[in-house]
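sequence isn't available, so here's the structure alone:
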Ligand code: TZP
Ligand code: MG
């Protein structure tokens, strides 16, 4: 069983990475309690991405933390990592599955009930749902869905072909809103399985400490519940 509860998405833009080394930041975060990592790199060329993926894998593997690659099935295959995360405009799910095989973890971004149901029927292993809140990390997102949008998607999934499909949510999530997001999006029969975070971990003074606090927050019932 994959633990999606604290899902780190990397970013190598200077405003977020602040000149630090991505591999050490991810190592810190994994030691703090991140449960799954996605390499999201929109700027490196293919050769560099493969190199970075292999370096990150050396950090994640000893902790049994799966490493996924954003968009690039080819990089995932060559680097020998656990899977990919694909958006609505990337390679289609069936082709990604054909290339990577049944054991690979393939996640799909969904911003609407329709996209979530299509990816679920198509055999996605998990859904990345968002954008929850507006975020400078990804400015031109299709839609800001809020916690009510999350709840609508979770409700629709309960009557899909795979009601237990794991879900993570992304966009503007940090230590101060994590519990609220989990609590407000929950439906009587389905809850969000994990939160996906970029800047609140990567840009943190101590990625390890923030990851440890987030891991605790996720496990703790909120005081306002
Ligand atoms: N997809 C939707 S929002 C987002 C991605 C990759 C970025 C989330 O970044 P942050 O810094 O956690 O708000
Ligand atoms: Mg993409």
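That came through, no problem. On a predicted model such as this, the values are computed, not experimentally measured, just so you know. Ligands and ions are numbered 1, 2, ... in the order given.

hang on, isn't residue 143 packed against residue 114?
No. Using CB atoms under 8 Å, residue 143 is not in contact with residue 114, being 11.9 Å away. All C-beta spots, glycine's among them, are computed from the backbone N, C-alpha and C.

give the residues shared as contacts by those two.
Both residue 143 and residue 114 lack any common contact, where contact means CB atoms under 8 Å, 6 or more residues apart in numbering.

ok, now which ones touch the closest residue to residue 178 other than its chain neighbours?
Distances taken as CB to CB, 6 or more residues apart in numbering place residue 217 nearest to residue 178, at 4.9 Å, with adjacent residues excluded. Shown in contact with residue 217 (CB under 8 Å, 6+ apart): 175, 178, 179.

got it, and residue 191?
154, 182, 185.

which SS state does the nearest residue to the first one once chain neighbours are set aside fall under?
So the one you mean is residue 154. Residue nearest to residue 154 in three dimensions, not counting chain neighbours: residue 190, with 4.4 Å by CB to CB, 6+ apart. Classification of residue 190 using DSSP: H, G, I helix; E, B strand; the rest coil returns coil.

burial of residue 190, as a residue count?
Using other CB atoms under 10 Å, residue 190 is surrounded by 19 other residues.

dump the residue contacts of it.
For residue 190, the contact set (CB under 8 Å, 6+ apart) comprises 154, 155, 157, 158, 163, 167.

now secondary structure, distance to residue 22 and neighbour count too, for those, in a markdown table please.
Formatted as a markdown table, those follow (DSSP: H, G, I helix; E, B strand; the rest coil; distance: CB to CB, whole Å; neighbours: other CB atoms under 10 Å):
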| residue | secondary structure | distance to residue 22 | neighbour count |
| --- | --- | --- | --- |
| 154 | helix | 32 | 24 |
| 155 | helix | 37 | 14 |
| 157 | helix | 33 | 24 |
| 158 | coil | 38 | 12 |
| 163 | coil | 36 | 12 |
| 167 | strand | 26 | 24 |
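
and which of the residues you listed is nearest ligand 2?
residue 167 (17.6 Å; CB to the ion).

for the closest one, which residues are in contact?
Residues counted as contacts of residue 167 (CB under 8 Å, 6+ apart) are 4, 126, 127, 129, 153, 154, 157, 190, 192, 193, 194.

would JSON lines of the residues you listed with pLDDT and distance to residue 94 be doable?
What follows is the contacts of residue 167, written out as JSON lines (pLDDT from 0 to 100; distance: CB to CB, whole Å):
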{"residue": "4", "pLDDT": "98", "distance to residue 94": "22"}
{"residue": "126", "pLDDT": "98", "distance to residue 94": "17"}
{"residue": "127", "pLDDT": "98", "distance to residue 94": "16"}
{"residue": "129", "pLDDT": "98", "distance to residue 94": "21"}
{"residue": "153", "pLDDT": "98", "distance to residue 94": "22"}
{"residue": "154", "pLDDT": "98", "distance to residue 94": "25"}
{"residue": "157", "pLDDT": "98", "distance to residue 94": "20"}
{"residue": "190", "pLDDT": "98", "distance to residue 94": "25"}
{"residue": "192", "pLDDT": "98", "distance to residue 94": "26"}
{"residue": "193", "pLDDT": "98", "distance to residue 94": "24"}
{"residue": "194", "pLDDT": "98", "distance to residue 94": "25"}
